[in-house]
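Asks: Mind looking at a prediction? Sequence and model below.
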Amino acid sequence: MTMPHPFPHSPTRRSFVGLSAAAFATVALSSCGSSSGEEVDVETQNVGAMEDYAADTQFKATEPMQVSMLWTDWPEVPVEDSWRIFDHIKELTNVEITLTHIPFSDATEKRSLLISAGDAPTLIPLVYTGEDAPFVSSGAVVPLSDFADQMPNFQKYVEEWDLGEMIDNIKQADGKYYMMPGLQEVSVPVFSLVVRKDVFEEVAGGVPNTWDELHEALLQIKEEYPDSTPLADGFEAQSMLNYAAHGFGTKAGWGFGDGAIDGDGEDLVYAATTDQYKQLVEYFRVLVEDGLLDRESLTASNDGSGAADVSEKFANETCFAASGSSGTAIEFAQALEETVGEGNFEVTLIPPPAGPAGENIEPRNFWHGFMLSSEVARSENFLATLQFVDWLYFNPDAREMLRWGEKDVNYTKAEDGTIELMDEFSLDDYAINRGGETDIQTDLGFSTFPAESTESRALKESYSTPEFVAYIDDVLSARTPRDPIPPAPLDESELEQASLLATPIKDAVDTATLQFIMGERDMEEWDTFVGELEAAGLSRYMELINGARQRFVEANG
């Protein structure tokens, strides 16, 4: 995973949906974890637990306890000894969080090795749906669905935000789920197109609503700014292909997952072999041929800087639209202030353009959540740990604290819910109170990745720019989430087989997709490309997927 910033709307945060080839590949590593077959009596493993714990109440352990946590170290936001967040959590909950650090550069691999060796800390965060699958058969992580009744905040907001059917879709082959997802009251694509709205309006007559309109607008901008290459990605094509794919009726890029998608019949088909995927590739190929899409932004390695190079191009007015999030829009605006001058431009995030398949966006989805190492199921503090993580991840006061810090110390909250930082504090990543003496993120540890996972709409809007709030409204009113991709959880033996097939097939897809888009491979070779996937074992792979899908339907309806 390439996620250099621990912030959901920042330039380099990617959304991960579905079971990836990388997750398949970890199955061989996860075979030596500890067994979860021992009897667990959570009611007797209750040291430190509250008897009257309930939703929307403050959790506080009745005895001091520790919870170990896996922490991904982002280069730009290193953990400091002076961070207030951990001391404040301890004051609120009587729980001391101890950290096991892994580097950003290979966080997924390091996490898998720790879990498979039985050395993972109790709380394993930054887990996306499907990433629990490789650890099911080994018993290395807790089947959290067995203990959802001990997590009242989770239950409450699943019901209030109408997420029950989505929860059913994260079940594994045994009918259980092993990760608790981050819950979002409203779900909009984190990444879409960030555009110079003023230029599009002046040169092209407005912001495009469809990909075809974007093509025409880019041609006009190119004519007005001949030295520009007006469109860029900045994320190895993975971002743009992801949010574009839904308008073409397929999935690609970061959202490719296991590759399975609804076909014309009952069986799932492999997305990269479909006419819709070919049409998507052909569209971007034409943009490259017309000199409208920055080739470098599709191929330059994303080493953690994400859209940084694109930001420079925005500043120099050689790029006018690029993949990004609300954080990227802030970054581009700050760069333009240095060159064009404040007040002389307008940068905004727009809904993903509509395509041949309609005004579709990604299915409503979860954000990252957590797993628990199975070792905690033996602990006398097991029930208290469940209560603590339920509070930390799903209690609204905890979520507000993780984002903003301490009420009436770092921020104030008006009767209408408006949150404002105290004058001496800033949140520079969102350009809030820039210039404040203390950044609540880098200096105090708030608004880092634990703050992202679960959010009400009000909390999401509390730190967002007016432009992003408008983006939420625009997406919810003008775009339709696709139906969820049908679940097809594989059992242990199927995972082992899939792990041998998924990676080379997906590697072939990634390589060929860029070759076709960049013009390095002729579109006449498309059938040859599909044949290459077949030769890599695609038919057998899809047999496994469809068998798992049929089994899931029979078991769950």
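Replies: Good, I have the coordinates. Numbers count the residues shown, from 1 in each chain.
Asks: burial measure for R479, as a count.
Replies: Using other C-beta atoms under 10 Å, R479 has 22 other residues around it. Placement of C-beta: from N, CA and C, glycine included.
Asks: ignore the last one, A329
Replies: Using other C-beta under 10 Å, A329 is surrounded by 25 other residues.
Asks: Tell me the pLDDT of it.
Replies: pLDDT for A329: 93.
Asks: List phi and psi for it.
Replies: phi -60, psi -40 (degrees, to the nearest 10).
Asks: thinking it is in contact with A470, fair?
Replies: No. The criterion here is C-beta atoms under 8 Å, and A329 misses it with A470 at 11.4 Å.
Asks: what residues do the two have in common as contacts?
Replies: T348 (C-beta atoms under 8 Å, 6 or more residues apart in numbering).
Asks: which residues in the stretch 201-350 of the chain form helices?
Replies: Secondary structure of the stretch 201-350 of the chain (DSSP state H, counting those that start in this stretch): helices located at 211-224, 238-245, 275-289, 296-299, 308-315, 326-339.
Asks: for the record, mean pLDDT for the fourth one?
Replies: To tie it back to what came earlier, the one meant is helix 296-299. Confidence over helix 296-299 (mean pLDDT, whole number) is 91.
Asks: C-alpha coordinates for it, CSV please?
Replies: C-alpha atoms of helix 296-299 as CSV (Å, rounded to 0.1, in the frame of the first residue of the first chain):
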residue,chain,number,x,y,z
GLU,A,296,5.4,11.2,-16.2
SER,A,297,2.6,11.4,-13.7
LEU,A,298,1.5,7.9,-14.8
THR,A,299,4.9,6.3,-14.4
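Asks: on contacts alone, who are the packing partners of that helix?
Replies: Under the contact definition 3 or more C-beta pairs under 8 Å, 6 or more residues apart in numbering; DSSP states H and E, helix 296-299 sits against helix 308-315, helix 492-518.
Asks: can you check the first one too?
Replies: Applying 3+ C-beta pairs under 8 Å, 6+ apart, one finds that helix 211-224 contacts helix 197-204, helix 275-289.
Asks: got it, and the second one?
Replies: Contacts defined by 3+ C-beta pairs under 8 Å, 6+ apart place helix 238-245 against helix 275-289, strand 321-324.
Asks: contact partners of the first one?
Replies: Going back to what we said before, that points to helix 275-289. Contacts for helix 275-289 (C-beta under 8 Å, 6+ apart): 211, 215, 218, 231, 237, 240-241, 244-245, 248-250, 252, 271, 293, 295, 355-357, 513, 516-519, 523, 526.
Asks: Kindly report the same for the last one.
Replies: Outside strand 321-324, the residues that touch it by C-beta under 8 Å, 6+ apart are 11, 191-196, 200, 214, 218, 230-235, 239-240, 243, 297, 307, 310, 313-314, 328, 331-332, 349.
Asks: Check stretch 337-348 too.
Replies: Residues outside stretch 337-348 that contact it (C-beta under 8 Å, 6+ apart) are 194-199, 207, 314-317, 329, 332-333, 336, 467, 470-471.
Asks: Now with 7 Å, please.
Replies: Stretch 337-348 is contacted from outside by 194-198, 315-316, 329, 332-333, 336, 467, using C-beta atoms under 7 Å, 6 or more residues apart in numbering.
Asks: Centre of the chain to that stretch, how far?
Replies: Mean-position distance between stretch 337-348 and its chain equals 29 Å (C-alpha atoms, centre = their mean, to the nearest Å).
Asks: In it, which of the residues would be classed as buried?
Replies: Along stretch 337-348, these residues count as buried under the neighbour rule (16 or more other C-beta atoms under 10 Å): 340, 345, 347-348.
Asks: Then stretch 347-367?
Replies: Within stretch 347-367, the residues that qualify as buried are 347-355, 357, 359-367, counting by 16+ other C-beta under 10 Å.
Asks: Output stretch 255-267 in PDB with nothing but the alpha carbons.
Replies: Listed next in PDB are the C-alpha coordinates belonging to stretch 255-267 (Å, rounded to 0.1, in the frame of the first residue of the first chain):
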ATOM      1  CA  GLY A 255     -10.000  -0.300  -6.600                       C
ATOM      2  CA  PHE A 256      -9.200  -3.400  -8.700                       C
ATOM      3  CA  GLY A 257      -9.100  -5.700  -5.700                       C
ATOM      4  CA  ASP A 258      -9.400  -9.300  -6.600                       C
ATOM      5  CA  GLY A 259     -10.500  -8.300 -10.100                       C
ATOM      6  CA  ALA A 260     -13.900 -10.000  -9.900                       C
ATOM      7  CA  ILE A 261     -16.900  -8.100 -11.100                       C
ATOM      8  CA  ASP A 262     -20.500  -8.800 -12.200                       C
ATOM      9  CA  GLY A 263     -20.900 -10.200 -15.700                       C
ATOM     10  CA  ASP A 264     -23.900 -10.600 -18.000                       C
ATOM     11  CA  GLY A 265     -24.800 -13.900 -16.400                       C
ATOM     12  CA  GLU A 266     -24.700 -15.200 -12.800                       C
ATOM     13  CA  ASP A 267     -20.900 -15.700 -12.800                       C
END
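Asks: I'd like the numbering to begin with 231 instead of 1 from here.
Replies: In the new numbering, first residue 231, that becomes stretch 485-497.
Asks: Need the residues that contact it.
Replies: 247-250, 360, 472, 475, 480-481, 498-502, 592, 715-716, 718, 732, 736, 775-776.
Asks: circling back to that earlier point, neighbour-wise, which one of the contacts of stretch 567-578 leads?
Replies: Ranked by neighbour count (other C-beta under 10 Å), these have V424 at the top, with 31 neighbours.
Asks: Look at that one and give its secondary structure.
Replies: strand (DSSP: H, G, I helix; E, B strand; the rest coil).
Asks: Now do the closest residue to it other than its chain neighbours: how many residues are near it, please.
Replies: The shortest distance from V424 to any non-neighbouring residue, by C-beta to C-beta, 6 or more residues apart in numbering, is to G554 (4.0 Å). G554 has 34 neighbours, counted by other C-beta under 10 Å.
Asks: which regions of the chain lie under the pLDDT threshold?
Replies: Scanning the chain with the threshold set as pLDDT under 70 gives 231-268, 531-538, 787.
Asks: Dump the helices and strands packed on helix 441-454 to JSON lines, plus distance to G767.
Replies: Compiled in JSON lines, the helices and strands packed on helix 441-454 are given as follows (distance: least, C-beta to C-beta, whole Å):
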{"stretch": "helix 427-434", "distance to G767": "45"}
{"stretch": "helix 505-519", "distance to G767": "19"}
